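>>> missing the sequence, but the structure's below:
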């Protein structure tokens, strides 16, 4: 009886398991993204701590920005941990729970979008401070960021309406569109800043070296976040039935936050390099710096790491005056005169 009962009961889990999604490309991918994301979150916390230690007298705008990024990244990490714990630990013996959607996973999309938009807004503000000639770039970036916000909100609303998690595959194109717009915004802002830096070379070795460091840093960070955005864009568009794009999105969100904090923390070290060879004024680009007398917004250009006015120190002119002075030894002259007189007196008389 028991064996027959077991044999009749065994097909039920099998039948239930047949309808369940695979774990390796769904919650397994999200678990890996959470693990790598937590590593980067530790770096975020360290950089935030470093910022408040080094820049205690920084502007209120930057302090609020760093605090907001840290709080948002903390909340983002909590959501990722809660999702993994719910599906992998709490419902370990309940495979049917994999089909359910929970609140933390539903709002993860909008939190990810908010973190990316805040980082992009920081770079858009930098482009805005360059000058009026680049305002159209800022307008384009704002349009792209508004598109990102719209798609993330729409995807979040749809996730609350749909009954199961894997019904969201019909609307995963919204997430793909979000990453596509984010990639376009990164290309526009990063390309503009690199163009301005290239035009800001002064011919002085120290300043040009710092500009090259900034260009290399922006290319590397922009390339890294761009690659993650491309991968998430492709997987969300082509493989909508899995959560691989969510795992890459978690890592990309942490990279955006770390790149922003790294830029803020690099200001002091760059200024120290400038001070080794130049006298530094305000920190702005030489060709596109805003006049300080143009208004209250003119002082905002100090956010750049390149000197606004590079003043070459005046080489000291050393006048070397050589004065020759002849010292007459009167005693020696007297001896010589006496010797000559003695020789004259001792000269024998010639015969007549």
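Yep, it's here. This is a predicted model, so every value here is computed, not measured.
>>> Name the residues that touch stretch 149-162?
Outside stretch 149-162, the residues that touch it by CB atoms under 8 Å, 6 or more residues apart in numbering are 101, 105-107, 109-110, 112-114, 117, 168, 171, 174-175, 177-178, 181. No exception for glycine: its C-beta is placed from N, CA and C like everyone else's.
>>> Which positions within that stretch qualify as buried?
149, 151-152, 154-156, 158-159, 162 (16 or more other CB atoms under 10 Å).
>>> Farthest pair within those residues?
By the measure CB to CB, 149 and 162 form the most distant pair in these, at 20.8 Å.
>>> Let's see which of the contacts of stretch 149-162 end up in helices.
Counting by DSSP state H, those place 105-106, 109-110, 112-114, 117, 174-175, 177-178, 181 in helices.
>>> Out of these, which comes closest to residue 262?
Scanning the ones in helices among the contacts of stretch 149-162 for proximity to residue 262, where the rule is CB to CB, the winner is residue 117, at 18.6 Å.
>>> Grab the nearest non-local neighbour of the closest one.
residue 145 (5.1 Å; CB to CB, 6 or more residues apart in numbering).
>>> pretty sure the one you found contacts residue 185?
Yes: in this structure residue 145 lies within contact range of residue 185 using CB atoms under 8 Å: 6.0 Å.
>>> Which one's more surrounded, the two?
A count of neighbours by other CB atoms under 10 Å puts residue 185 above the other of residue 145 and residue 185, at 25 against 21.
>>> Pick the one among the ones in helices among the contacts of stretch 149-162 closest to residue 123.
The closest of the ones in helices among the contacts of stretch 149-162, once distances to residue 123 are taken by CB to CB, is residue 117, at 11.1 Å.
>>> Quick check: the closest one vs residue 213, distance?
27 Å (CB to CB, to the nearest Å).
>>> more crowded one of the two?
Ranked by neighbour count (other CB under 10 Å), residue 117 and residue 213 place residue 117 first, with 20 against 16.
>>> so what's the residue nearest to residue 247 when sequence neighbours are not counted up against?
Leaving aside its sequence neighbours, residue 247 sits nearest to residue 33 (CB to CB, 6+ apart; 2.8 Å). By CB under 8 Å, 6+ apart, the contact list for residue 33 reads 80, 246-251.
>>> On the three-state scheme, residue 92 is what?
For residue 92, the assignment made with DSSP: H, G, I helix; E, B strand; the rest coil gives coil.
>>> ok, it - how many residues close by?
9.
>>> Over to residue 57?
Other residues close to residue 57 by other CB under 10 Å number 6.
>>> can you pull out the helices in this structure?
Counting by DSSP H, the helices of the chain are 2-9, 11-18, 27-54, 60-84, 103-106, 108-130, 135-161, 172-199, 205-238, 244-265, 267-277, 330-346.
>>> and among those helices, the most buried is which?
helix 244-265 (a mean of 24; mean count of other CB atoms under 10 Å).
>>> Which strands or helices does that one pack on?
Contact partners of helix 244-265 among helices and strands, from 3 or more CB pairs under 8 Å, 6 or more residues apart in numbering; DSSP states H and E: helix 27-54, helix 60-84, helix 108-130, helix 172-199, helix 205-238.
>>> Redo those helices as CSV? Include mean pLDDT and distance to residue 267.
Below are these laid out as CSV (pLDDT from 0 to 100; distance: least, CB to CB, whole Å):
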stretch, mean pLDDT, distance to residue 267
helix 27-54, 94, 9
helix 60-84, 95, 10
helix 108-130, 92, 12
helix 172-199, 89, 15
helix 205-238, 81, 11
